[in-house]
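In: have a look at this prediction, sequence included:
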Amino acid sequence: MKKNTAILAIESSCDETSAALCVDGAILSNYIANQTVHEKYGGVVPELASRAHMQNIVPVVDLALKQAGIVMNEIDAIAFTQAPGLIGSLLVGAQFAKSLALALNKPLIAVHHMQAHVLANLIGDPAPTFPFLCLTVSGGHTQIVLAKSPLELEVIGETIDDAAGEAFDKSAKLLGLPYPGGPLIDRYAKEGDPARFGFAEPQIPELNFSFSGLKTSVLYFLQAETKKDPQFIENNLKDLCASIQATIIRILMKKLKKAAQQTGVKQVCIAGGVSANSGLRSALQEYGKKFGWQVFIPAFEYCTDNAAMIAITAYHKYQAGLFSGLEVSPAARAEW
(Lines give C-alpha, C1' and ligand atoms only; values in the text may rest on other atoms or scores of the structure.)
Protein backbone atom coordinates (compact mmCIF):
# COMPACT_ATOMS: atom_id res chain seq x y z
CA MET A 1 0.00 0.00 0.00
CA LYS A 2 1.38 3.40 -1.03
CA LYS A 3 1.86 5.69 1.96
CA ASN A 4 3.73 8.68 0.54
CA THR A 5 2.07 11.62 -1.25
CA ALA A 6 4.17 12.88 -4.17
CA ILE A 7 3.25 16.16 -5.86
CA LEU A 8 4.78 17.59 -9.02
CA ALA A 9 4.51 21.39 -9.07
CA ILE A 10 5.03 23.81 -11.95
CA GLU A 11 5.67 27.56 -11.69
CA SER A 12 5.56 29.80 -14.79
CA SER A 13 4.02 33.09 -13.68
CA CYS A 14 6.71 35.41 -15.07
CA ASP A 15 10.15 34.64 -16.49
CA GLU A 16 11.29 31.63 -14.47
CA THR A 17 10.30 28.14 -15.55
CA SER A 18 10.41 25.92 -12.49
CA ALA A 19 9.40 22.41 -11.44
CA ALA A 20 9.60 20.80 -8.01
CA LEU A 21 8.78 17.50 -6.33
CA CYS A 22 7.28 17.41 -2.87
CA VAL A 23 6.80 14.16 -0.93
CA ASP A 24 4.81 14.37 2.31
CA GLY A 25 5.68 18.05 2.68
CA ALA A 26 9.42 17.60 2.04
CA ILE A 27 10.94 19.25 -1.05
CA LEU A 28 13.04 16.71 -2.94
CA SER A 29 13.86 18.89 -5.96
CA ASN A 30 13.38 22.48 -7.06
CA TYR A 31 14.73 23.14 -10.54
CA ILE A 32 14.61 26.68 -11.98
CA ALA A 33 15.44 27.82 -15.52
CA ASN A 34 16.03 31.58 -15.69
CA GLN A 35 15.51 33.63 -18.84
CA THR A 36 18.31 36.01 -19.84
CA VAL A 37 16.66 37.17 -23.07
CA HIS A 38 14.95 40.10 -21.30
CA GLU A 39 18.12 41.83 -20.08
CA LYS A 40 18.70 43.82 -23.27
CA TYR A 41 15.12 45.16 -23.16
CA GLY A 42 15.32 46.48 -19.58
CA GLY A 43 12.37 44.37 -18.41
CA VAL A 44 10.36 41.21 -19.05
CA VAL A 45 8.87 40.98 -22.56
CA PRO A 46 5.71 38.84 -22.16
CA GLU A 47 5.82 37.26 -25.64
CA LEU A 48 9.46 36.25 -25.26
CA ALA A 49 8.76 34.90 -21.77
CA SER A 50 5.97 32.66 -23.10
CA ARG A 51 8.18 31.27 -25.86
CA ALA A 52 11.00 30.55 -23.40
CA HIS A 53 8.57 28.71 -21.09
CA MET A 54 7.51 26.48 -23.98
CA GLN A 55 11.15 25.65 -24.68
CA ASN A 56 12.05 25.07 -21.03
CA ILE A 57 9.08 23.31 -19.46
CA VAL A 58 9.69 19.72 -20.65
CA PRO A 59 13.42 19.60 -19.78
CA VAL A 60 12.81 21.40 -16.46
CA VAL A 61 10.14 18.87 -15.38
CA ASP A 62 12.35 16.01 -16.51
CA LEU A 63 15.31 17.33 -14.49
CA ALA A 64 13.14 17.87 -11.39
CA LEU A 65 11.88 14.27 -11.56
CA LYS A 66 15.41 12.87 -12.00
CA GLN A 67 16.78 15.03 -9.18
CA ALA A 68 14.04 13.74 -6.87
CA GLY A 69 14.48 10.14 -7.98
CA ILE A 70 10.78 9.85 -8.83
CA VAL A 71 9.19 8.46 -11.98
CA MET A 72 6.03 9.83 -13.52
CA ASN A 73 3.66 7.06 -12.41
CA GLU A 74 4.61 7.64 -8.75
CA ILE A 75 3.11 11.15 -8.79
CA ASP A 76 -0.17 11.59 -6.88
CA ALA A 77 -1.12 15.09 -8.09
CA ILE A 78 -0.04 17.85 -10.47
CA ALA A 79 0.07 21.43 -9.16
CA PHE A 80 0.57 24.66 -11.08
CA THR A 81 0.50 28.42 -10.61
CA GLN A 82 -2.96 29.59 -11.64
CA ALA A 83 -2.65 33.32 -10.81
CA PRO A 84 -1.51 36.07 -10.72
CA GLY A 85 1.14 36.68 -13.38
CA LEU A 86 1.72 37.23 -17.09
CA ILE A 87 -1.20 35.52 -18.79
CA GLY A 88 0.86 34.01 -21.62
CA SER A 89 3.40 32.58 -19.17
CA LEU A 90 0.67 31.22 -16.92
CA LEU A 91 -1.05 29.56 -19.88
CA VAL A 92 2.04 27.53 -20.72
CA GLY A 93 2.30 26.09 -17.21
CA ALA A 94 -1.45 25.60 -16.85
CA GLN A 95 -1.89 23.77 -20.14
CA PHE A 96 1.11 21.56 -19.49
CA ALA A 97 -0.17 20.68 -16.00
CA LYS A 98 -3.69 19.98 -17.28
CA SER A 99 -2.41 17.76 -20.09
CA LEU A 100 -0.20 15.81 -17.70
CA ALA A 101 -3.00 15.40 -15.15
CA LEU A 102 -5.34 14.16 -17.87
CA ALA A 103 -2.77 11.77 -19.34
CA LEU A 104 -1.85 10.31 -15.94
CA ASN A 105 -5.42 10.46 -14.58
CA LYS A 106 -4.18 12.38 -11.54
CA PRO A 107 -5.86 15.24 -9.63
CA LEU A 108 -5.01 18.83 -10.51
CA ILE A 109 -4.25 21.51 -7.91
CA ALA A 110 -4.38 25.22 -8.83
CA VAL A 111 -2.25 27.46 -6.60
CA HIS A 112 -2.32 31.21 -5.97
CA HIS A 113 1.21 32.54 -6.51
CA MET A 114 1.18 35.01 -3.59
CA GLN A 115 -0.20 32.48 -1.12
CA ALA A 116 2.64 30.21 -2.19
CA HIS A 117 5.24 32.92 -1.45
CA VAL A 118 3.92 33.12 2.13
CA LEU A 119 3.93 29.34 2.60
CA ALA A 120 7.50 29.09 1.27
CA ASN A 121 8.41 29.78 4.89
CA LEU A 122 7.08 26.32 5.81
CA ILE A 123 9.89 24.71 3.82
CA GLY A 124 12.51 25.93 6.29
CA ASP A 125 13.77 24.17 9.39
CA PRO A 126 12.72 25.42 11.80
CA ALA A 127 9.48 26.61 10.21
CA PRO A 128 7.06 29.09 11.80
CA THR A 129 3.97 27.84 13.59
CA PHE A 130 0.59 29.48 13.16
CA PRO A 131 -0.33 32.27 13.47
CA PHE A 132 2.51 34.21 11.88
CA LEU A 133 2.93 37.48 10.02
CA CYS A 134 4.55 37.58 6.60
CA LEU A 135 5.84 40.62 4.76
CA THR A 136 5.61 39.59 1.10
CA VAL A 137 7.65 41.81 -1.18
CA SER A 138 8.11 41.28 -4.91
CA GLY A 139 8.24 43.18 -8.18
CA GLY A 140 4.46 43.24 -8.46
CA HIS A 141 3.22 42.94 -4.87
CA THR A 142 3.84 44.32 -1.40
CA GLN A 143 1.63 42.82 1.29
CA ILE A 144 1.45 42.04 4.98
CA VAL A 145 -0.29 38.71 5.48
CA LEU A 146 -1.65 37.21 8.68
CA ALA A 147 -1.29 33.44 8.28
CA LYS A 148 -3.73 31.66 10.60
CA SER A 149 -3.30 28.24 8.98
CA PRO A 150 -1.89 26.95 5.66
CA LEU A 151 -5.27 27.57 4.03
CA GLU A 152 -6.34 30.64 6.01
CA LEU A 153 -4.25 33.60 4.90
CA GLU A 154 -5.52 37.16 5.33
CA VAL A 155 -4.03 40.22 3.63
CA ILE A 156 -4.07 42.94 6.31
CA GLY A 157 -2.00 45.51 4.41
CA GLU A 158 -0.92 46.06 0.81
CA THR A 159 0.38 48.67 -1.60
CA ILE A 160 -2.16 51.10 -3.01
CA ASP A 161 -0.04 51.74 -6.10
CA ASP A 162 3.45 50.45 -6.89
CA ALA A 163 5.26 47.54 -5.27
CA ALA A 164 8.56 47.81 -3.40
CA GLY A 165 10.29 45.64 -6.01
CA GLU A 166 9.17 48.03 -8.72
CA ALA A 167 10.55 50.95 -6.69
CA PHE A 168 13.92 49.17 -6.57
CA ASP A 169 13.94 48.39 -10.30
CA LYS A 170 12.71 51.82 -11.44
CA SER A 171 15.19 53.59 -9.17
CA ALA A 172 17.95 51.40 -10.58
CA LYS A 173 16.91 52.38 -14.09
CA LEU A 174 17.09 56.07 -13.14
CA LEU A 175 20.60 55.41 -11.86
CA GLY A 176 21.54 53.88 -15.22
CA LEU A 177 21.90 50.35 -13.86
CA PRO A 178 21.04 47.40 -16.14
CA TYR A 179 18.00 45.14 -15.62
CA PRO A 180 17.35 43.59 -13.17
CA GLY A 181 18.48 46.56 -11.12
CA GLY A 182 17.20 45.64 -7.65
CA PRO A 183 20.05 43.21 -6.86
CA LEU A 184 22.59 45.77 -8.11
CA ILE A 185 21.22 48.43 -5.74
CA ASP A 186 21.65 45.89 -2.93
CA ARG A 187 25.24 45.20 -3.97
CA TYR A 188 26.29 48.86 -4.20
CA ALA A 189 24.36 49.78 -1.04
CA LYS A 190 26.70 47.62 1.05
CA GLU A 191 29.50 50.12 0.39
CA GLY A 192 27.43 53.31 0.61
CA ASP A 193 26.15 55.70 3.30
CA PRO A 194 22.40 55.10 3.86
CA ALA A 195 22.00 58.47 5.59
CA ARG A 196 23.64 60.56 2.85
CA PHE A 197 20.47 61.45 0.90
CA GLY A 198 16.84 61.76 1.98
CA PHE A 199 13.80 60.73 -0.06
CA ALA A 200 10.04 60.94 0.41
CA GLU A 201 8.31 58.47 2.73
CA PRO A 202 4.55 58.58 2.00
CA GLN A 203 2.27 58.58 5.04
CA ILE A 204 -0.37 55.99 4.18
CA PRO A 205 -3.12 55.03 6.65
CA GLU A 206 -3.34 51.71 8.50
CA LEU A 207 -1.04 48.94 7.21
CA ASN A 208 -1.03 49.91 3.54
CA PHE A 209 1.95 51.05 1.47
CA SER A 210 2.70 53.46 -1.36
CA PHE A 211 5.90 53.67 -3.39
CA SER A 212 4.92 55.92 -6.31
CA GLY A 213 5.88 59.04 -4.33
CA LEU A 214 9.30 57.62 -3.55
CA LYS A 215 9.98 56.93 -7.23
CA THR A 216 8.96 60.51 -8.09
CA SER A 217 11.17 61.85 -5.27
CA VAL A 218 14.19 59.94 -6.62
CA LEU A 219 13.47 61.13 -10.19
CA TYR A 220 13.22 64.83 -9.29
CA PHE A 221 16.25 64.67 -6.99
CA LEU A 222 18.43 63.09 -9.69
CA GLN A 223 17.19 65.54 -12.34
CA ALA A 224 18.05 68.52 -10.11
CA GLU A 225 21.48 67.21 -9.11
CA THR A 226 22.58 66.11 -12.59
CA LYS A 227 21.72 69.58 -13.92
CA LYS A 228 24.28 70.97 -11.51
CA ASP A 229 26.76 68.13 -12.00
CA PRO A 230 26.41 65.76 -14.99
CA GLN A 231 28.65 63.24 -13.17
CA PHE A 232 26.57 63.32 -9.97
CA ILE A 233 25.17 59.77 -10.26
CA GLU A 234 28.50 58.24 -11.23
CA ASN A 235 30.33 60.02 -8.40
CA ASN A 236 27.71 59.16 -5.75
CA LEU A 237 26.33 55.82 -6.95
CA LYS A 238 27.02 53.79 -3.80
CA ASP A 239 25.57 56.42 -1.46
CA LEU A 240 22.53 56.82 -3.71
CA CYS A 241 21.89 53.07 -3.71
CA ALA A 242 22.33 52.87 0.05
CA SER A 243 19.99 55.83 0.65
CA ILE A 244 17.26 54.54 -1.70
CA GLN A 245 17.45 51.04 -0.25
CA ALA A 246 17.36 52.35 3.33
CA THR A 247 14.24 54.41 2.55
CA ILE A 248 12.38 51.45 1.03
CA ILE A 249 13.32 49.17 3.92
CA ARG A 250 12.32 51.80 6.50
CA ILE A 251 8.86 52.11 4.91
CA LEU A 252 8.43 48.33 4.92
CA MET A 253 9.63 47.78 8.47
CA LYS A 254 7.54 50.57 10.00
CA LYS A 255 4.37 48.93 8.70
CA LEU A 256 5.50 45.45 9.73
CA LYS A 257 6.19 46.72 13.24
CA LYS A 258 2.72 48.27 13.35
CA ALA A 259 1.16 44.99 12.18
CA ALA A 260 2.96 43.04 14.91
CA GLN A 261 1.76 45.53 17.53
CA GLN A 262 -1.84 45.42 16.30
CA THR A 263 -2.08 41.63 16.02
CA GLY A 264 0.15 40.67 18.94
CA VAL A 265 1.80 38.06 16.69
CA LYS A 266 5.48 37.52 17.48
CA GLN A 267 6.41 35.10 14.69
CA VAL A 268 7.42 37.18 11.68
CA CYS A 269 8.49 36.07 8.20
CA ILE A 270 9.40 37.62 4.87
CA ALA A 271 8.78 36.25 1.38
CA GLY A 272 8.94 37.19 -2.30
CA GLY A 273 11.79 38.16 -4.59
CA VAL A 274 12.76 41.27 -2.61
CA SER A 275 13.15 39.15 0.54
CA ALA A 276 16.49 38.12 -0.99
CA ASN A 277 17.68 41.72 -0.38
CA SER A 278 20.46 41.62 2.23
CA GLY A 279 19.46 44.97 3.74
CA LEU A 280 15.87 43.82 4.31
CA ARG A 281 17.02 40.51 5.80
CA SER A 282 19.35 42.35 8.20
CA ALA A 283 16.64 44.85 9.16
CA LEU A 284 14.21 42.03 9.99
CA GLN A 285 16.82 40.39 12.22
CA GLU A 286 17.45 43.69 14.01
CA TYR A 287 13.75 44.35 14.56
CA GLY A 288 13.39 40.78 15.82
CA LYS A 289 16.01 41.34 18.50
CA LYS A 290 14.59 44.74 19.43
CA PHE A 291 10.92 43.71 19.70
CA GLY A 292 11.22 40.07 20.73
CA TRP A 293 10.04 38.58 17.43
CA GLN A 294 10.88 35.07 16.30
CA VAL A 295 12.12 35.73 12.79
CA PHE A 296 12.00 33.35 9.82
CA ILE A 297 13.77 34.07 6.53
CA PRO A 298 13.50 31.65 3.57
CA ALA A 299 16.58 30.33 1.82
CA PHE A 300 17.45 32.40 -1.26
CA GLU A 301 16.18 29.73 -3.67
CA TYR A 302 12.69 29.99 -2.13
CA CYS A 303 12.53 33.80 -2.25
CA THR A 304 12.36 34.32 -6.01
CA ASP A 305 9.67 32.59 -8.09
CA ASN A 306 10.08 28.83 -7.70
CA ALA A 307 8.03 25.66 -7.88
CA ALA A 308 8.92 24.47 -4.37
CA MET A 309 6.58 27.09 -2.90
CA ILE A 310 3.84 25.92 -5.27
CA ALA A 311 4.50 22.34 -4.18
CA ILE A 312 4.30 23.02 -0.42
CA THR A 313 1.05 24.96 -0.91
CA ALA A 314 -0.37 22.17 -3.07
CA TYR A 315 0.58 19.61 -0.42
CA HIS A 316 -1.66 21.35 2.13
CA LYS A 317 -4.47 21.70 -0.43
CA TYR A 318 -4.10 17.99 -1.23
CA GLN A 319 -4.45 17.14 2.46
CA ALA A 320 -7.68 19.17 2.54
CA GLY A 321 -9.00 17.62 -0.68
CA LEU A 322 -8.99 20.96 -2.52
CA PHE A 323 -8.63 19.93 -6.16
CA SER A 324 -9.39 21.77 -9.41
CA GLY A 325 -11.23 20.62 -12.50
CA LEU A 326 -9.75 20.75 -15.98
CA GLU A 327 -11.91 23.82 -16.68
CA VAL A 328 -9.80 25.96 -14.31
CA SER A 329 -8.26 28.92 -16.15
CA PRO A 330 -5.18 31.01 -15.38
CA ALA A 331 -5.71 34.67 -14.53
CA ALA A 332 -3.41 37.68 -14.66
CA ARG A 333 -5.03 38.99 -11.48
CA ALA A 334 -6.86 37.07 -8.77
CA GLU A 335 -8.23 37.72 -5.32
CA TRP A 336 -7.23 35.40 -2.50
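Out: All right, it came through fine.
In: check contacts around residue 96.
Out: If you count contacts by Cβ atoms under 8 Å, 6 or more residues apart in numbering, residue 96 has them with 10, 57, 61, 80. Glycine gets a C-beta too; all of them are placed from N, C-alpha and C.
In: would you mark the buried spots in the helix or strand in which the third one is found?
Out: By that I understand residue 61. Here residue 61 is covered by helix 46-68, with elements defined by DSSP states H and E. For helix 46-68, burial by neighbour count (16 or more other Cβ atoms under 10 Å) applies to 46, 49-54, 56-57, 60-61, 64-65, 68.
In: strands along the protein, start to end?
Out: Assigned by DSSP state E, the strands in the chain fall at 6-11, 16-23, 26-34, 77-83, 108-112, 132-137, 142-149, 152-158, 267-271, 294-296.
In: residues touching the fifth one, excluding its own?
Out: Translated: strand 108-112. 7, 9, 77-84, 97-98, 101, 310, 313-314, 317-318, 322-326, 328, 334, 336.
In: recalculate using a threshold of 6 Å.
Out: Residues outside strand 108-112 that contact it (Cβ atoms under 6 Å, 6 or more residues apart in numbering): 77, 78, 79, 81, 82, 101, 310, 313, 314, 317, 324, 328.
In: the fifth one: neighbour count?
Out: Other residues near residue 82 come to 24 when the count uses other Cβ atoms under 10 Å.
In: please renumber the chain so that the first residue is 32 from this point on.
Out: Yep, numbering from 32; the last one is residue 113 now.
In: might one say that it is in contact with residue 363?
Out: No: applying Cβ atoms under 6 Å as the test, residue 113 and residue 363 come out as separate, 10.9 Å apart.
In: if we can go back for a sec, got JSON lines for the contacts of residue 127, with distance to residue 178 too?
Out: JSON lines is the format used below for the contacts of residue 127 (distance: Cβ to Cβ, whole Å):
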{"residue": "41", "distance to residue 178": "24"}
{"residue": "88", "distance to residue 178": "30"}
{"residue": "92", "distance to residue 178": "29"}
{"residue": "111", "distance to residue 178": "22"}
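In: and of these, the nearest to residue 48?
Out: Of all the contacts of residue 127, residue 88 has the smallest distance to residue 48: 5.6 Å, by Cβ to Cβ.
In: residues contacting that closest one?
Out: 48, 127.
In: quick check: pLDDT value at it.
Out: In this model, residue 88 is scored at 97, pLDDT.
In: so how far is residue 309 from it?
Out: 32 Å (Cβ to Cβ, to the nearest Å).
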